Every structure is written in structure tokens, then in C-alpha cells.
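Participant: Sequence below, structure please.
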Amino acid sequence: LRPVLVVADARRVDGARQAVTGRLDDAAVFARRNRYVTDWDDSGQALWVKSIGADLFRGHGRLDGPRRVTVTRDDGTRQTLVARHAVALATGSRPALPAVPGIEEARPWTNRHATDSSTVPGRLVVVGGGGVGVEMATLWQGLGSRVTLLARRRLLPRMEAFAGELVAQGLTEAGADVRIGVQVTAVRRPDPDGPVTLTLDDGGELEADEVLFATGRTPGTDDIGLETVGLTPGSWLDVDTTCLVDGVEGAWLYGLGDVNHRALLTHQGKYQARTAGDAIGARAAGRPLDDGDWGDHATTADRHAVPQVFFTDPEAGAVGLTAEQAAAAGHRVETVDLDLDTAQGANLYADGYTGHARLVVDVDRDVLLGVTMVGSGVSELLHAATVAVAGEVPLKRLRHAVAPFPTISEIWVFLVAAYRRQREQADAG
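Facilitator: Just a heads-up that it's a prediction; the model follows:
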């Protein structure tokens, strides 16, 4: 996605746009991707595992009762490993295809196909308006496909409504056909090498060279031996704040990352792994657990401060709760909304910069519960928001966090000032 966004940004800056005279070199884009994923060769990671003193066993691992894991290698040989302290399940998730007639025969793309393909389809239909759907629509439209995006409801439905609206506007301006409130009822591809046809619930049809379904995930737990420890194969794993799996006797089985269904994001999985690793070490050493909110052995951020960024054009980033979620959780909230071009740095970043920001404030405690920002470059602003939400920094103190001029981050100064004005008006009234 990075080359797509770089070119889009350059075309919004007078002097730079004149230098961008051609289309993206898709072969160079794919070569750059391959370089950064080391051509799908994990030997470098394997060497790192060895360097920290850990043993790597390649094969299909399955639980075989408490604290036991059987590894079946490609040649059929097996080895059983026994853990003194813990087994961690981190088997991720897979794309979930909907039960649409003809879908298997149509051989649709999933997020895997969409990110490892090296051929640009002339026409691509993307089904699903979540993060994968909008990012892949952005990518392939930027690479030259004629993209149609179909979504049953608004885009990015778990974020503030304006986020999906601005992303839809950006896709439309880039040339994509965005259709909301549409469902696919059937798919057919009679010729394996020919086009695919989608039947829609409004009676219409769409023909494309490829179709990508980005319609949810399913846990990668169907064949890892859950039944040997009393759990249901193919289920998400319920875990406590240390990521210890519920319903298993003894404190030894952990579920990390996508399998616990808390936040299907790479950075949250890494956060959980760090926290669970510390908890495993403490339990093994007989030390007391610090598992209260924000403790060393608690994944509190999974509930209160999950950051997420979608690398669309414009980018959409958020952390914490939306206004609706905060109100539903019983907080007395107030929102602050500003267009990002209120900060002079936004206008220098791009001519005609458009974007929006919202703060969700807990009025009783004077802290942030959530932040959403949509606009070019906001991915690099999100960590400041995450620190404010996770640290429960009072807005009275945030007033003294001076933003450098002239940057987009100066929007923080205006947001905090706007909230103070709103509260003063409310108190006066």
C-alpha cells in the first residue's frame, strides 16, 4: 500500500504533482513487497529463534492432553513435547467465506491472495467494508484495477461513522465504485480461466476478472487437539487478563492473538505475548501476579486502548471507544470534533487537505476514552492518542503538551482548547 499512498500524497502538493506523470510500476511494487517479506523465506526468523536459545520444531502441532504437544513432521514422523509450565496457542485466524451458492467453484480471493498476487486484474470486486476490504480496494484501485466495493452496511462499521464516510469519499474520488447496502446472493465462474459473475440482492449482476471476499475471520483452532483438554475444536478461546484459557484445569494453557478474538490486530497479539510471557515467568517462579488493571500481567489495553489504523486514502486511525460505545458502557461523555485543516501543518502537508478528528471525553474524570482521526498521515499521530487514552492523561494536563509548528499534530492544541470552551459554555449555562 505504501507506494499507492506516496503517489496520492504527491499529487496533492503543487510542484510535486507535476513530477508524477505516469502510473505506478506494479512490477516494482510487487518486488518491493517481496523484498520486505524476504520472498516468504522465514530462515532469518528461524535463526533469530535459535539466537535466543529456543528450539524450533517444524510440523503440525496438536495438543495431546495437559501440557503435551505432538508435532507431526512432513515426513510423517512424530515427536511429543511436554511443558513444565505452559503451552501457548497462537495459531491465528483464517478468512471466513460466506455461504453463497457457487462461491467455492468461483475460487475467490481472500486477504492472502490479495496481498501475495503479482498480477493486476482488470476488474476487481471487493466484498466487505471492513478494514481488509477498504485497504485492498485502495491498493488495487491504485495499481490500476477498476474496483467495485460492495458493503452490506457503512464502511468501517466499528469506527466513528465519519471515518467510513471519508474513506468511501476517497475511494470514489480515486475512481472506485462504492456501493453500500448491497449483498451478494450467488457467484458463478463456469470457465476456470474466465470472468466471475456476481448476482446481487437488488437483482443486478456484476462481472469481474477477480472477486475478493473480506467478510470476516474464523479461528485457526479446528485441528490443534482442543478436544484433548475439554475444549471445542474450531472455537474462539476465552481467556482471562493474563491470556490464560478459561475452562482448562491448571494454569498452563494460554491463547494469544487472533485465537482469543479480542482484537484481531498484529500489534495487539504482540502486546498479549509480552504480557503473557511475563505472567508465565511469574507463575513459574512462584511470584505474585500483578494482574489488576494496567498491571504488568494484565492485558487491560485489550479493553480500553486498542489502536487500529487502516492504510486507506485518507488513512483512518482510532484508539479506545467510540462515542456510542462509551455511552453504552455507562460513561457520561462529551465529544469534540474538528476538521484537521484547522492545524496549519495539514495545509502544508497537502494542498486542499481534508480530514477530521474526534475526541471522546469522560466528563466526570476529565480523561479521554477514545480518539478517531481520518486524513493523510494520521497513522503517525495515533500513538500520541494511544498514550493519552492508556495513560488516562487529564485534559487539563494535555493542554500543556505543546505540539510542534507547523505539523498536523498541532490539531491536539485546538481539540483540547475546543473542549475547554465547550465545558465553560456548559458550566455557564
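
Participant: can you list contacts of the longest helix along the chain?
Facilitator: Identified as the longest helix of the chain according to DSSP state H is helix 266-285. Contacts with helix 266-285, where a contact means Cβ atoms under 8 Å, 6 or more residues apart in numbering, come from 84-86, 88, 90, 242-244, 251, 254, 256-258, 260, 262, 288-291, 296-299, 301-302, 306-307. (Glycine included, C-beta is placed from N, CA and C.)

Participant: hey, where'd the helices end up in this structure?
Facilitator: Using DSSP H, helices in the chain cover 2-10, 26-36, 43-51, 103-106, 111-116, 131-142, 161-174, 266-285, 301-304, 323-328, 344-349, 382-390, 395-398, 411-428.

Participant: in the last one, what's buried?
Facilitator: Of the residues in helix 411-428, those scored as buried under the neighbour-count criterion (16 or more other Cβ atoms under 10 Å) are Ile411, Trp412, Val413, Phe414, Leu415, Val416, Tyr419, Arg423.

Participant: re the thing from before, only the buried subset of the contacts of helix 266-285, as a PyMOL command please.
Facilitator: With 16+ other Cβ under 10 Å as the criterion, this PyMOL line picks the buried residues out of the contacts of helix 266-285:
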select buried, resi 86+88+90+242+243+244+251+254+256+257+258+260+262+289+291+297+298+299+301+302+306+307
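
Participant: And the helices of the chain: which comes nearest Asp193?
Facilitator: Among the helices of the chain, the nearest to Asp193 by Cβ to Cβ is helix 103-106 (12.4 Å).

Participant: Can you pull out the residues in contact with stretch 96-109?
Facilitator: Stretch 96-109 has contacts (Cβ under 8 Å, 6+ apart) with 110, 117, 184-189, 192, 196, 210-213, 215-218.

Participant: So for the residue nearest to Gly133 when sequence neighbours are not counted, what's the pLDDT?
Facilitator: Spatial nearest neighbour of Gly133, excluding adjacent residues (Cβ to Cβ, 6 or more residues apart in numbering): Ala214 at 4.0 Å. The per-residue pLDDT reported for Ala214 equals 96.

Participant: And for Leu97?
Facilitator: With respect to pLDDT, Leu97 scores 94.

Participant: what's the answer for Pro192, then?
Facilitator: pLDDT recorded at Pro192 is 89.

Participant: Ok, the one 3 residues further on next?
Facilitator: Note on Pro195: pLDDT of 97.

Participant: residues contacting it?
Facilitator: Contact analysis of Pro195 by Cβ under 8 Å, 6+ apart lists Arg123, Arg189, Glu207, Ala208, Asp209.

Participant: before we move on, the earlier item: pull the number of nearby residues for the residue nearest to Gly133.
Facilitator: As a burial measure, Ala214 scores 26 neighbours (other Cβ atoms under 10 Å).

Participant: Give the phi and psi angles for it, as a check.
Facilitator: Per-residue torsions, Ala214: phi -120, psi 70 (degrees, to the nearest 10).

Participant: Could you give the average pLDDT over stretch 374-389?
Facilitator: Averaging pLDDT along stretch 374-389 yields 96.

Participant: any idea how far Pro307 is from Val336?
Facilitator: 19 Å (Cβ to Cβ, to the nearest Å).

Participant: The closest residue to Leu200 other than its chain neighbours and Gly129, how far apart?
Facilitator: Leaving aside its sequence neighbours, Leu200 sits nearest to Val182 (Cβ to Cβ, 6+ apart; 5.6 Å). Using Cβ to Cβ, one obtains 10 Å as the distance from Val182 to Gly129.

Participant: just to revisit the earlier point, give me the buried subset of the contacts of stretch 96-109.
Facilitator: Neighbour-count burial (16+ other Cβ under 10 Å) applied to the contacts of stretch 96-109 gives Thr110, Val184, Val187, Arg189, Val196, Glu210, Val211, Leu212, Phe213, Thr215, Arg217.

Participant: Report the central residue of this protein.
Facilitator: Nearest to the mean C-alpha position of the chain, by Cα atoms, centre = their mean, lies Leu265 at 4.7 Å.

Participant: That one against Val306, yeah?
Facilitator: Yes. Counting by Cβ atoms under 8 Å, Leu265 touches Val306, with 7.0 Å between them.

Participant: Many thanks, have a good one.
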